[in-house]
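In: have a look at this prediction, sequence included:
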Amino acid sequence: MLATGKTVRTTVLLPEGVYRQVQALAVTNDVSAAWVIRQAVLQYLATKAGQAELPFGSDRS
C-alpha cells in the first residue's frame, strides 16, 4: 500500500515513552515524527491486509 494522493490530518495520543521513542527515531534519521508514525501505520496496514479483526485486547482508547 503506497501513501499517495490527498492526505488528511489526524491527532494521535501516545504514551510518553512511545512518544520519546518516536522523537528519537525521527532525530536519528533526520525525518519528522509524523513521517515515522506514517511509516509505522503503513507497515502495520500492509501486514494486516485482508484481516477483518484487529489482534488487540480490550485496552482500546
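Out: It's in. Numbers count the residues shown, from 1 in each chain.

In: packing partners for the strand or helix carrying residue 25?
Out: Assessed by DSSP states H and E, residue 25 sits inside helix 16-28. If contacts are counted by 3 or more Cβ pairs under 8 Å, 6 or more residues apart in numbering; DSSP states H and E, helix 16-28 sits against helix 33-47. Using the backbone N, CA and C atoms, a C-beta is placed for each residue, glycine as well.

In: run the chain-centre distance for the helix it packs on.
Out: 4 Å (Cα atoms, centre = their mean, to the nearest Å).

In: could you say what helices and strands that helix packs with?
Out: Helix 33-47 packs on helix 16-28, going by 3+ Cβ pairs under 8 Å, 6+ apart.

In: got the angle for the helix it packs on vs helix 33-47?
Out: 110 degrees (axes from the mean of the first three to the mean of the last three Cα atoms, to 10 degrees).

In: where does pLDDT dip in this structure?
Out: By pLDDT under 70, the weakly predicted segments of the chain are 1-4, 54-61.

In: and if we set it to 80?
Out: Scanning the chain for pLDDT under 80 picks out the ranges 1-4, 49-61.

In: if we can go back for a sec, buried residues in the helix holding residue 25, which are they?
Out: For helix 16-28, a neighbour-count test (16 or more other Cβ atoms under 10 Å) marks 22, 25, 26 as buried.
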